[in-house]
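# dropping the sequence and predicted coords here.
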Amino acid sequence: MASTPPHCSITPSKPYQTHQHPPNPHLKSQGHSHRQNRHWTAQKVSLTKPLPSPPPRNAAKTGTSQTSLSQNPAFSSLCPLPAPKSELAAVFSGRRSTRFVSKMHLGRPKTTVGCRHTSIAEEALQHAIQSGKDDVGLDNVLLSFESKLCGSDDYTFLLRELGNRGEWRKAIRCFEFALRRERRKTELGKLASAMISTLGYGNTVYTYSAIISAYGRSGYCEEAIGVLESMKGSGLKPNLVTYNAVIDACGKGGVKFNRVVEIFDEMLRNGVQPDRITYNSLLAVCSRGGLWEAAQNLFSEMVDREIDQDIYTYNTLLDAICKGGQMDLAYQIMSKMPSKNIFPNVVTYSTMIDGYAKADRLEDALNLFNEMKFLAIGLDRVLYNTLLSIYAKLGRFEEALKVCREMESSGIVRDVVSYNALLGGYGKQGKYDEVKKMYEDMKAERVSPNLLTYSTLIDVYSKGSMYSEAMEAFREFKKAGLKADVVLYSELINALCKNGLLESAVSLLDEMTKEGIRPNVVTYNSIIDAFGRSPAAEYALDAASEGNELQMESSASILEDAFENEVGDKEDNQIIKMFGQIAIEKEGHAKKENLGNRQETLRILRVFQKMHELNIKPNVVTFSAILNACSRCNSFEDASMLLEELRLFDNQVYGVAHGLLMGYRENVWVEAQSLFDEVKQMDSSTASAFYNALTDMLWHFGQKRGAQMVVLEGKCRNVWETVWSNSCLDLHLMSSGAAQAMVHAWLLNIRSVVFEGQELPKLLSILTGWGKHSKVVGDSTLRRAVGALLASMGAPFEVAKCNLGRFTSTGSVVAAWLKDSRTLKVLVLHDDRSFPDTEKLGKVSPNLQTLSL
DNA sequence: ACCTAATTTT
């Protein structure tokens, strides 16, 4: 390592805040494909007594609306569970992005705080009063004064004075204008209290509703809910409009559905009857979370209440169902629309086409596209972008460019979404020249890059180890004055982790939390994965929790001076230095083997506990990362302790892992089977990662027979797309533990073929590939592991001369070896530990409580 | 007076 890891921070010097809300609990797995996933079964028979601290489920609502909500499958969390269900439950299933309200990341000029209103504000007030009745006049005044007005004090002054003069509409407009350029909590509070005290003189409920909707439009849903509460405190009765505004604000701000339902229930309890707008807003909440069952129930509630539906109702419902992956159901509903006299429009088709594409049903997507053309429904920018992103994502650039040309000839110019899709597409395929060219094009066309653009570029370049380019993208991102979000932070953290700069990664995690940006499961997965593989992990968390002062300046960056003045914030330079450092080191530094000790596992446990505290649901990637950490752990006791402790959080998943490790196979196998069933629902790369991690861990600790059983399960469920025939075994998607267990199984199978008296094929091959699927990219761990295994068994295979990733032998030589009486003994696998059936699995050690992060 | 749906990244 060339130097001390720099302390990395991307905090702007001003303490702006964003309000990221926890993503829906049904987080998607970190896998690649968007194939439809089913929920992990909600209720599982527990292996043990109910555990002391069941993971908090979705806050169960107490009241239930009169109609169908209580029968809604999506509300099954209302039923008391016999035992904590799989934490992975929700987790592996969703498909939605965990990034919310990205539209709200606006660049803001820096403001000075601490002064009373300025004379400029007085001047602005005069102009504002004189401005016309329409909003445009006031907007122009505000815009022309924007750069001169001094922080929230000036805005507070303005809206208060406007309120004093009975200009409610203008006051609210001004409030909303101020909201858009303010992210600091304290300043927001000032604005809101000014606005509410202004209300004291105003026409009350209406103005409250207007404030709520202003908050909603600016993405401040917590504040919107707060206004609803304060309204009740002041003895005012929220009406339909108020509730609609709050529910709508919740939808925009990413509030969890259950919480919104609480507000809805309260509304019903207060005798306020919902209308179409209420339901459309509720449906929008479902669509954001892919809660298709809840959406369906809301829809039928609407019908029951004889509330008319409109095209928005249908399109929002369809979106929820598409996001929930239920394409056949969506199609059915769409087909019934004309009979209700509501005709699918371009939005309907965009929604459906995107849904089909995300469900890997390209044919169906394109059929719908043709259908809409046949129906002469006009194509709009979003529809073109939808197509463009489909082709870009698939790497079908010919077709993507054809869409671009078609757009052009229809007079629709490419926007930032089109460019982002293309950048991501080219980036994913490693076509970096095209990425650069496209980005140049974008700038030449004066399309302003947004957060997603930079995020995509940074990610693409980091993944491609092009750190100078990533650094450049980051510099431009800072220059644009954009605010990072959870995805961008996670990308940076991942880049740091992957390059062994774990201390910097953890300090960045610390920072984002302080910034009010909630890390999500992806962020934590990077960290856990790094903890499992890096010896540098040891002290990183402690260092971070003691504060950023401890972090040292990077000492050896040639880039140190280059950007000092260009980028305003000193701390941003740390990120730039970090990229610079990685750029210089590139792949140069070998990763040391992790020695694995108790401290290590304790730290992983703490990270996991931290996730739990933050209510971040681990997913299958988390699980695999933890198992991989176990595999690198030298002590069986530590690994088993870790897994046992983790059973507190998720008894099913970690119970299986722990049970198999301990050799309680008879007892856990049924449970394991249902776990495997769940995994099978996930996309293939996630599923194979799970099997690889589990098998590696078992193999590493000598539970070889158990590992083999897991591998054979995986094979039966086709997670590796295994080629398994008498002449060939393809291991290239497998980890080394899985591959070795598989070799044993395959040879035993060949042996039985021989003993049945059948001829073996002339040539037998075992393919290991080139290791690009192994955990350590670019090496040939798998080939070496398989080679060593074959040699240790005395199996007569040789590395093929033409292909180093292939071991070959002739049928007759192998048959002779298999017939040897000593061979069977080396082929049959045993577990180092096994226990009779009577062994119980119940105990969970209590020392978890002593841990704190 | 409240609500205008669909597209892009980890």
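Received the coordinates, thanks. Numbering: from 1, shown residues only, chains lettered A, B, ... in the order given.

# could you identify the helix or strand that succeeds the longest helix seen in chain A?
Longest helix in chain A, counting residues (DSSP state H): helix A:736-755. Next helix or strand after helix A:736-755 toward the C-terminus (DSSP states H and E): strand A:763-767.

# which parts of that following strand are buried?
Within strand A:763-767, the residues scored as buried using 16 or more other CB atoms under 10 Å are A:764, A:765, A:766, A:767. Heads up, the C-betas are built off the backbone N, CA and C, glycines and all.

# the third one contacts residue A:743, correct?
Yes: using CB atoms under 8 Å, residue A:766 and residue A:743 qualify as a contacting pair, with a distance of 6.7 Å.

# got any residues that touch both of these two?
Overlap of the contact sets of residue A:766 and residue A:743 (by CB atoms under 8 Å, 6 or more residues apart in numbering) consists of A:729, A:731, A:786, A:790.

# got a list of what residue A:296 touches?
With CB under 8 Å, 6+ apart, residue A:296 has these contacts: A:317, A:321, A:329.

# want to throw those into JSON lines with secondary structure?
Formatted as JSON lines, these follow (DSSP: H, G, I helix; E, B strand; the rest coil):
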{"residue": "A:317", "secondary structure": "helix"}
{"residue": "A:321", "secondary structure": "helix"}
{"residue": "A:329", "secondary structure": "helix"}
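
# could you tell me which of those count as buried?
By neighbour count, with 16+ other CB under 10 Å, the contacts of residue A:296 hold A:317, A:321, A:329 as buried.

# the second one contacts residue A:328, doesn't it?
If I follow you right, that is residue A:321. No: counting by CB under 8 Å, residue A:321 stays clear of residue A:328, with 9.6 Å between them.

# what is the subsequent helix or strand relative to whatever helix or strand residue A:603 lives in?
Taking DSSP H and E as the criterion, residue A:603 maps to helix A:598-613. Going down the chain from helix A:598-613, the next helix or strand is helix A:620-631, by DSSP H and E.

# name the helices or strands packed onto that following helix?
helix A:88-91, helix A:521-533, helix A:598-613, helix A:636-646, helix A:651-662, helix A:684-700 (3 or more CB pairs under 8 Å, 6 or more residues apart in numbering; DSSP states H and E).

# and which of the shared contacts of residue A:766 and residue A:743 is nearest to residue A:520?
residue A:731 (33.6 Å; CB to CB).

# count the neighbours of the closest residue to the closest one other than its chain neighbours for me.
Excluding its sequence neighbours, the residue lying closest to residue A:731 (CB to CB, 6 or more residues apart in numbering) is residue A:739, at 4.1 Å. Applying other CB atoms under 10 Å, we find 31 other residues in the vicinity of residue A:739.

# which of the buried ones among the contacts of residue A:296 are close to DNA strand B?
Contacts with DNA strand B within the buried ones among the contacts of residue A:296, as defined by CB under 7 Å from any atom of the strand: none are present.

# out of those residues, who's nearest DNA strand B?
For the buried ones among the contacts of residue A:296, the minimum distance to DNA strand B (CB to the nearest atom of the strand) is 9.8 Å, reached by residue A:317.

# so what's the closest one up against?
Counting by CB under 8 Å, 6+ apart, residue A:317 touches A:283, A:287, A:295, A:296, A:298, A:299, A:333.

# and what of residue A:524?
A:607, A:610, A:611, A:616, A:618, A:622 are the contacts of residue A:524 under CB under 8 Å, 6+ apart.

# ranges for the strands of chain A?
Along chain A, the segments classed as strands by DSSP state E run A:728-730, A:763-767, A:798-799, A:806-810.

# columns mean pLDDT on top of these, output as CSV?
Below are the strands of chain A laid out as CSV (pLDDT from 0 to 100):
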stretch, mean pLDDT
strand A:728-730, 92
strand A:763-767, 92
strand A:798-799, 90
strand A:806-810, 92
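
# of all those, which one is nearest DNA strand B?
DNA strand B lies closest to strand A:728-730 among the strands of chain A, at 26.9 Å (CB to the nearest atom of the strand).

# return the residues of the stretch 201-350 of chain A in contact with DNA strand B.
A:205-206, A:209-210, A:213, A:216-217, A:239-241, A:244-245, A:248, A:252, A:275-277, A:280-281, A:284, A:287-288, A:311-312, A:315-316, A:319, A:323, A:345-347, A:350.

# and the gap between residue A:447 and DNA strand B?
According to CB to the nearest atom of the strand, to the nearest Å, residue A:447 and DNA strand B sit 11 Å apart.

# swap in residue A:702?
34 Å.

# and for residue A:723?
Distance from residue A:723 to DNA strand B, by CB to the nearest atom of the strand: 28 Å.

# got the residues of the stretch 351-500 of chain A near DNA strand B?
Residues of the stretch 351-500 of chain A found near DNA strand B (CB under 7 Å from any atom of the strand) are A:351, A:354, A:358, A:380-383, A:385-386, A:389, A:393, A:416-418, A:420-421, A:424, A:428, A:450, A:452-453, A:455-456, A:459, A:486-488, A:490-491, A:494.

# which stretches of the stretch 451-600 of chain A have low pLDDT?
A:534-574, A:577, A:580-598 (pLDDT under 70).

# on that earlier part again, dump the longest helix of chain A to CSV, restricted to CA.
This file holds the C-alpha atoms of helix A:736-755, laid out as CSV (Å, rounded to 0.1, in the frame of the first residue of the first chain):
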residue,chain,number,x,y,z
SER,A,736,-13.7,-23.9,-5.5
GLY,A,737,-15.5,-25.6,-2.7
ALA,A,738,-18.5,-26.2,-4.8
ALA,A,739,-16.5,-27.4,-7.7
GLN,A,740,-14.5,-29.9,-5.6
ALA,A,741,-17.6,-31.3,-4.0
MET,A,742,-19.0,-31.6,-7.5
VAL,A,743,-16.0,-33.4,-8.9
HIS,A,744,-16.4,-36.1,-6.2
ALA,A,745,-20.1,-36.4,-7.0
TRP,A,746,-19.4,-36.6,-10.8
LEU,A,747,-16.7,-39.2,-10.4
LEU,A,748,-18.9,-41.3,-8.2
ASN,A,749,-21.5,-41.2,-10.8
ILE,A,750,-19.1,-42.2,-13.5
ARG,A,751,-18.0,-45.0,-11.3
SER,A,752,-21.5,-46.4,-11.0
VAL,A,753,-21.7,-46.2,-14.8
VAL,A,754,-18.6,-48.2,-15.1
PHE,A,755,-19.8,-50.7,-12.5
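
# and that helix, which residues are buried?
So, applying 16+ other CB under 10 Å, buried residues of helix A:736-755: A:736-748, A:750-751, A:753-754.
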